[in-house]
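Novice: Here is a sequence together with a model predicted from it:
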Amino acid sequence: MFRILIVNLSLIVFCMLPKGSFAQAIYNNCSDALYLCPLVVENVTNYDATKTLCAGCEDDFNYCFSPTNSIWMRFETNASGGNVNVNFNNVTVEIAPNQGTEMQATMIQAIAPCDASTYTQIGSCEFAAAGNFVLNAAGLLPNTSYYIVVNGATNAPATLPAQATMDISVSGNGVERIPPGLALFVPSSLICAGETQLFSAYAGNCPDTTEYYWYINSELVAVTQTNDFETSELQNGDVLSAKTTCFEYCIVEISATSAPFEVVTITVDAGPDFTINAGCSVLLLGATTETSYFWSPSFTLSNPAILNPIAQPDETTYYFLSATNGACTVTDEAVVYINNKLSITNTFTPNGDGFNDTWEIPSLEQYSNCFVEIYDRWGQSIFQTTGYNAKKAWDGKHKGKLLEASVYFYVIEVRDPDFTEPIRGSLTLIR
């Protein structure tokens, strides 16, 4: 009961509103003409409308009527132009003493907006409508603005112009639009996890396109000025949507949505990085859940087709373990760093027991152009070689004779950019 009482009171108050209580519409002036969208109904009124008085001003015309309390609307033809109907429905004229009861209306083309000296009257003209009516015009130009002016008549014996409310709309092939649409280009509905994908949205029959709004699962993730969007964040089952708007006036929003994505995840781990001395090797610790995999580069690996090959690089090398399931390939890396500091032993025992009988420097083997020279305590050169490996290692002899146990001295010229100075040290020969 309480709700019903409030509604009834509001109706009573409305019915008791005094004559002329409608506020003057902003579209009382041509410069503020109400824009009419195709097939969209607008409720308008000329209550308290006025006339603009001056030569060449907006109301300075006399086609089938002279304006007294005019209101203004406008519309724009489409890219083809053609026939247009302006429909006036639910015309409700105010009944008041000494006030007219008929409405007037026409269409105008203006070379200069709102300048009456440039007007041309277009199509039909209504000068005495007591109810609903239609204005029509044929062969209107494409992409052109036209005005509609509505005025209250002062039909005898009245001396005041009519005031009314009405519904107005424009239709016809000259204004109606081909519905715009948006198409979403998706490279594939199957995506590899973490892989960057480029998506594009293509708008049709859509002039004046604005920014593109991109959503993943209805959550806004990006706004772009172009129709492209890229991401690597899609998860299995995600849905991508794009939205934009068309037309400067009578804006239309269009959107497109993808099917759910199938995101394939491949697990691959190349294992930890290693640091080894030159000439040494290391076992790589790769792992993956896939059955198809390979290592690269392969030339310093014992077998690139197994998960745990032995690596013996000559220099710091990045090894890549790639695994594939046929649709996706994922790669991880492991680095084997070479320690450029040479590991040089300072003793050896050339006693013929088969152990430590030569002065070996395995880390020196990779420098094939190195030069090694050994001196005795008096500075006499007793051994020298270019290149140093197991076959060239010093065996403690000079001119085929075993030298006595003693301390000897060496100079190694590595001849490599990493070693700018010769390496000098002492070496003890033990019997």
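Specialist: Everything's here; your move.
Novice: and the residue lying closest to residue 415 once chain neighbours are set aside, how many residues sit next to it?
Specialist: Distances taken as C-beta to C-beta, 6 or more residues apart in numbering put residue 369 closest to residue 415, at 4.8 Å, once the chain neighbours are dropped. (Glycine included, C-beta is placed from N, CA and C.) Residue 369 has 10 neighbours, counted by other C-beta atoms under 10 Å.
Novice: before we move on, what about residue 42?
Specialist: By other C-beta under 10 Å, 15 other residues sit near residue 42.
Novice: Contact partners for it?
Specialist: 34, 36, 73, 167, 168, 169 (C-beta atoms under 8 Å, 6 or more residues apart in numbering).
Novice: ok, the residue nearest to residue 415 to residue 416 distance?
Specialist: From residue 369 across to residue 416, the span is 8 Å (C-beta to C-beta, to the nearest Å).
Novice: Ok, residue 94 next?
Specialist: 103 Å.
Novice: Those two - which one has more neighbours?
Specialist: residue 94 (18 against 12).
Novice: list the contacts for that one?
Specialist: 19, 47, 162, 163, 164.
Novice: now the stretch 1-150 of the chain, which segments are flagged as low pLDDT?
Specialist: 1-23 (pLDDT under 70).
Novice: quick one: the helices in it?
Specialist: Here the stretch 1-150 of the chain has its helices, by DSSP state H, counting those that start in this stretch, at 2-15.
Novice: Quick one: the strands in it, in order.
Specialist: 34-35, 42-45, 71-76, 82-93, 103-110, 119-129, 133-140, 145-152 (DSSP state E, counting those that start in this stretch).
Novice: ok, the residue nearest to residue 136 when sequence neighbours are not counted - contacts?
Specialist: Leaving aside its chain neighbours, residue 136 sits nearest to residue 85 (4.9 Å; criterion: C-beta to C-beta, 6+ apart). By C-beta under 8 Å, 6+ apart, the residues touching residue 85 are 134, 135, 136, 170, 171, 172.
Novice: most neighbours, which of the residues you listed?
Specialist: residue 170 (27 neighbours).
Novice: How about that one: which residues does it bridge to?
Specialist: Beta-bridge pairing for residue 170 (DSSP bridges): residue 38, residue 86.
Novice: quick one: it and residue 106, what's the gap?
Specialist: Taking C-beta to C-beta, one finds residue 170 at 14 Å from residue 106.
Novice: swap in residue 147?
Specialist: Per C-beta to C-beta, residue 147 is found 9 Å from residue 106.
Novice: Mind checking which of the two has more residues around it?
Specialist: residue 106 (24 against 20).
Novice: Test my guess that that one contacts residue 149.
Specialist: Yes. With contact defined as C-beta atoms under 8 Å, residue 106 reaches residue 149; the gap is 6.2 Å.
Novice: Give the residue spans of the stretch 251-400 of the chain that score low on pLDDT.
Specialist: Short version for the stretch 251-400 of the chain, where the test is pLDDT under 70: 340.
Novice: now residue 309, nearest residue through space, not along the chain?
Specialist: Nearest non-adjacent residue to residue 309 (C-beta to C-beta, 6+ apart): residue 301, at 4.3 Å.
Novice: Roughly how far does the closest residue to residue 240 other than its chain neighbours sit from residue 238?
Specialist: Closest residue in space to residue 240, ignoring its immediate chain neighbours: residue 258 at 4.4 Å, by C-beta to C-beta, 6+ apart. Distance, residue 258 to residue 238, using C-beta to C-beta: 9 Å.
Novice: what are the ranges of the strands in the stretch 251-400 of the chain?
Specialist: Using DSSP E, counting those that start in this stretch, strands in the stretch 251-400 of the chain cover 252-257, 262-264, 268-269, 274-277, 282-283, 287-288, 292-296, 310-311, 317-324, 329-339, 347-348, 371-375, 381-386, 397-398.
Novice: Just put the ones you listed in CSV and tack on mean neighbour count and distance to residue 427.
Specialist: Formatted as CSV, those follow (neighbours: other C-beta atoms under 10 Å; distance: least, C-beta to C-beta, whole Å):
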stretch, mean neighbour count, distance to residue 427
strand 252-257, 16, 77
strand 262-264, 16, 60
strand 268-269, 18, 44
strand 274-277, 15, 19
strand 282-283, 14, 28
strand 287-288, 17, 44
strand 292-296, 16, 40
strand 310-311, 16, 31
strand 317-324, 20, 32
strand 329-339, 17, 21
strand 347-348, 16, 7
strand 371-375, 18, 7
strand 381-386, 14, 10
strand 397-398, 14, 13
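Novice: would you turn the ones you listed into a markdown table with distance to residue 232?
Specialist: Output for those, formatted as a markdown table (distance: least, C-beta to C-beta, whole Å):
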| stretch | distance to residue 232 |
| --- | --- |
| strand 252-257 | 20 |
| strand 262-264 | 11 |
| strand 268-269 | 17 |
| strand 274-277 | 30 |
| strand 282-283 | 32 |
| strand 287-288 | 20 |
| strand 292-296 | 22 |
| strand 310-311 | 30 |
| strand 317-324 | 18 |
| strand 329-339 | 13 |
| strand 347-348 | 57 |
| strand 371-375 | 53 |
| strand 381-386 | 53 |
| strand 397-398 | 65 |
